[in-house]
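Engineer: got a predicted structure plus its sequence, pasted below:
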Amino acid sequence: MKDYNDKIQTVFQLQKQHQHIVKQTSTAVRIEKLQKLKAAILRETPAIIEALQVDFAKPSFEAITTEVMTVISEIDLFIENLEKWMEPVEVPSRNKGETAKIVYEPKGQCLIFSAWNFPIMLLFYPLIPAIGAGNVCILKPSEMAPASSRIAVKIVRELFDESEVAIFEGGVEVANALLDLPFNHILFTGSTQVGKVVMQAAAKHLASVTLELGGKCPVIIDEHVDLEKIVPRIAFGKFANAGQICLAPDHVYIKEEQLEEFVRYVQEFIQRSYFENGELNQADLAKIVNDRNASRLQGLLDDAVIRGANIRCGGIVDGRTFYPTVLTDVQNDAKIMQEEIFGPIMPVLTYTDLNDVIQQINARPKPLALYVFSDNTDVVDTVLSRTTSGGVTVNDTMLHMSEPNLPFGGVNESGIGRYTGIFGFKEFSHERGVLYKAPVGTNPMESFAHAPYKGKFEKLVKKIK
């Protein structure tokens with residue numbers, strides 16, 4: 001480990017010296033780097049899909065859409081807009097003859113931690129704005145997805161000189177070694193608990209942070225919606241990637257009289273989507289990433305059942321394969337209602353009064369996302385005005401993240417900072433204020449501000465009155 005620490009230190013110092021050269025790179029140079037990254041990811045797509053299969057049997061369709069196409073789309077967005085985003089923005093100046101501008105410059109040395117649930121996307125997606133803004137970076141992929149990590153290492157080391165972008169594999173010891181270094185900005189994707197550790201480490205060096213965390217993302221269903229039409233949107237969001245998505249619907253609130261109809265439609269969706277001839281089609285359902293997480297989910301399920309919850313479908317665990325599961329009659333004191341589920345278990349809760357739902361949501365930490373299904377603008381506006389979350393999708397789930405003109409991120413416990421599109425460019429940039437003073441002698445009041453002050457105080461008082 002000592003040799004590895006020495007290597008990390010060497011690369012960090014190399015990037016420290018090189019950051020000023022990268023800072024001055026033109027739009028064309030940065031775009032060329034992004035184009036090479038795009039070509040490499042497309043070239044390695046078959047290997048990426050295979051690696052994701054090895055790590056947790058991610059379905060090929062989900063792998064290419066969520067891991068590959070998402071990154072490619074973000075690269076294309078930057079290539080198209082980077083020149084415009086890099087231009088200084090002129091702002092009005094209070095004083096005649098002065099010019100004021102906001103100049104975007106890189107934050108400098110950046111550290112990016114990715115998460116295991118989308119090991120390719122969550123590594124390269126933030127690297128795009130980091131490169132676009134002109135930073136140098138060190139990447140730390142998740143050790144929980146080792147096959148995907150190896151592909152990421154191959155791509156990075158073939159494309160970039162380590163003085164600009166470097167990558168280090170490893171576990172907690174490597175993460176701690178990196179956190180000991182005085183980076184200018186750290187982006188971390190993962191749990192709230194580890195996010196607090198990252199923020200504490202960043203505070204030692206006064207580094208800025210972007211924390212993409214999670215939380216219990218609730219779904220609220222208004223009584224007048226067409227359940228048959230909306231259930232696929234909710235169920236897909238819940239069970240894609242076996243529920244291992246920070247934005248996944250965590251639990252559902254529905255009017256008591258609609259419970260049975262809703263459960264029936266979810267059961268039908270599960271049968272239609274994940275079963276073939278009565279057997280689970282494992283090719284279309286990702287596995288839980290490891291035994292520890294599968295055991296954690298089993299524990300949440302068992303605790304909920306002990307406290308009175310009913311398993312309406314699923315509830316079967318076969319190694320790391322966790323069948324899509326629907327629960328009703330879940331008690332609020334059950335563990336599954338106290339922590340983020342991060343798995344294919346859907347608690348369905350009933351309500352009679354929307355105020356009670358809002359009260360329950362506000363009693364928990366602010367979620368990364370909130371989903372409200374309603375055609376009634378008054379209901380939607382009530383939910384939006386009386387709750388807080390990182391983002392919202394109305395009448396669907398997760399889609400606000402894919403809109404490039406919206407900022408994506410959490411709030412407080414669910415995250416800090418924003419990225420995607422121009423918001424990512426700004427997140428990895430320092431907005432430097434620059435004032436161009438008018439030439440000497442053009443402002444007759446300039447000397448008034450200088451000492452001696454005799455008689456000037458009285459003049460100012462009269463002017464204020």
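Structural biologist: Now that the structure is in, tell me what you want to look at. Numbers count the residues shown, from 1 in each chain.
Engineer: contacts only, for D250.
Structural biologist: With contact set as CB atoms under 8 Å, 6 or more residues apart in numbering, D250 has these partners: G215, K216, C217, P218, E340, I341, P347, P367. C-betas here are computed from N, CA, C, even on glycine.
Engineer: could you flag which of those are buried?
Structural biologist: In the contacts of D250, burial by neighbour count holds for G215, K216, C217, P218, E340, I341, P347, P367, counting by 16 or more other CB atoms under 10 Å.
Engineer: who are the packing partners of the helix or strand encompassing Q193?
Structural biologist: Assigned by DSSP states H and E, Q193 belongs to helix 192-204. On a contact count with 3 or more CB pairs under 8 Å, 6 or more residues apart in numbering; DSSP states H and E, helix 192-204 meets helix 172-179, strand 185-189, strand 208-212.
Engineer: now V11, nearest residue through space, not along the chain?
Structural biologist: Residue nearest to V11 in three dimensions, not counting chain neighbours: A166, with 4.8 Å by CB to CB, 6 or more residues apart in numbering.
Engineer: which residues sit against the helix or strand where the one you found lies?
Structural biologist: Taking DSSP H and E as the definition, one finds A166 inside strand 165-167. Residues outside strand 165-167 that contact it (CB under 8 Å, 6+ apart) are 11, 15, 127, 131, 136-141, 152-153, 156-157, 159-160.
Engineer: buried residues in the helix holding Q193, which are they?
Structural biologist: Neighbour counts over helix 192-204 (16+ other CB under 10 Å) mark T192, V194, G195, V197, V198, A201, A202 as buried.
Engineer: closest to N5 out of the helices and strands packed on helix 192-204?
Structural biologist: Proximity to N5 (CB to CB) singles out helix 172-179 among the helices and strands packed on helix 192-204, at 5.2 Å.
Engineer: starting at the chain centroid, how far to the closest one?
Structural biologist: Distance of helix 172-179 from its chain centroid, counting by CA atoms, centre = their mean, to the nearest Å, is 21 Å.
Engineer: in that helix, what's buried?
Structural biologist: Neighbour-count burial for helix 172-179, counted by 16+ other CB under 10 Å, picks out V174, A175, A177, L178, L179.
Engineer: same question for stretch 6-25.
Structural biologist: I8, V11, F12, L14, Q15, K16, H18, Q19, V22.
Engineer: possible to save the helices and strands packed on helix 192-204 as TSV with distance to F262 and mean pLDDT?
Structural biologist: Below are those laid out as TSV (distance: least, CB to CB, whole Å; pLDDT from 0 to 100):
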stretch	distance to F262	mean pLDDT
helix 172-179	42	96
strand 185-189	32	98
strand 208-212	30	98
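Engineer: turn these into TSV, including distance to V379.
Structural biologist: Listed next are the helices and strands packed on helix 192-204 as TSV, based on distance: least, CB to CB, whole Å:
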stretch	distance to V379
helix 172-179	44
strand 185-189	32
strand 208-212	29
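Engineer: right, so of the ones you listed, which gets closest to Y104?
Structural biologist: strand 185-189 (13.9 Å).
Engineer: what is the rounded mean pLDDT of stretch 26-38?
Structural biologist: Mean pLDDT, computed over stretch 26-38, is 98.
Engineer: buried ones in that stretch, by neighbour count?
Structural biologist: T27, R30, I31, K33, L34, L37, K38.
Engineer: repeat that for stretch 320-334.
Structural biologist: By neighbour count on 16+ other CB under 10 Å, the buried set for stretch 320-334 is R320, T321, F322, Y323, P324, T325, V326, L327, T328, D329, V330, A334.
Engineer: what does stretch 90-104 give?
Structural biologist: Y104.
Engineer: dump the residue contacts of R320.
Structural biologist: Applying CB under 8 Å, 6+ apart, we find R320 in contact with F56, A57, K287, I288, V289, N290, D291, A294.
Engineer: so this structure: which segments form each domain?
Structural biologist: 2-213+414-433, 218-407 (automatic domain parsing).
Engineer: could you list the low-confidence segments of the chain?
Structural biologist: Regions of the chain meeting the criterion pLDDT under 70 cover residues 1, 440-445, 465.
Engineer: separation between the nearest residue to M121 once chain neighbours are set aside and V156?
Structural biologist: Counting by CB to CB, 6+ apart, E67 is the residue found nearest to M121 once chain neighbours are left out, at 4.7 Å. Going from E67 to V156 by CB to CB, to the nearest Å gives 16 Å.
Engineer: who has more neighbours, the two?
Structural biologist: Using other CB atoms under 10 Å as the criterion, E67 and V156 rank with E67 on top: 27 against 21.
Engineer: how about the contacts made by the more buried one?
Structural biologist: E67 makes contacts with I48, L52, K58, F118, P119, I120, M121, as judged by CB under 8 Å, 6+ apart.
Engineer: cutoff 7 Å now
Structural biologist: Shown in contact with E67 (CB atoms under 7 Å, 6 or more residues apart in numbering): I48, L52, F118, I120, M121.
Engineer: among those residues, which pair sits farthest apart?
Structural biologist: Distance extremes for these: the farthest pair is I48 and F118 at 11.3 Å, using CB to CB.
Engineer: distance of the residue lying closest to T350 once chain neighbours are set aside from F262?
Structural biologist: Spatial nearest neighbour of T350, chain neighbours left out: E256 (4.0 Å); criterion: CB to CB, 6+ apart. E256 sits 11 Å away from F262, taking CB to CB as the criterion.
Engineer: so for those two, which sits in the more crowded spot?
Structural biologist: Per other CB under 10 Å, whichever of E256 and F262 has more neighbours is F262, with 22 against 11.
Engineer: what about the more buried one, which helix or strand?
Structural biologist: Under the criterion of DSSP H and E, F262 resides in helix 259-274.
Engineer: what is the neighbour count of S73?
Structural biologist: By other CB under 10 Å, the residues close to S73 number 12.
Engineer: same question for R364.
Structural biologist: R364: 14 neighbours (other CB under 10 Å).
Engineer: distance of D378 from E403?
Structural biologist: 24 Å.
Engineer: of these two, who's got more company?
Structural biologist: Taking neighbours as other CB under 10 Å, D378 and E403 compare with E403 leading, 13 against 9.
Engineer: and that one, how far from C246?
Structural biologist: Look at E403 and C246: by CB to CB, they are 17 Å apart.
Engineer: what do you get for C217?
Structural biologist: Counting by CB to CB, the gap from C217 to C246 is 8 Å.
Engineer: still on that earlier bit, okay, the buried residues of stretch 320-334 in TSV with distance to H224 and secondary structure next?
Structural biologist: Formatted as TSV, the buried residues of stretch 320-334 follow (distance: CB to CB, whole Å; DSSP: H, G, I helix; E, B strand; the rest coil):
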residue	distance to H224	secondary structure
R320	40	coil
T321	37	strand
F322	33	strand
Y323	32	coil
P324	27	coil
T325	28	strand
V326	23	strand
L327	25	strand
T328	22	strand
D329	25	coil
V330	24	coil
A334	29	coil
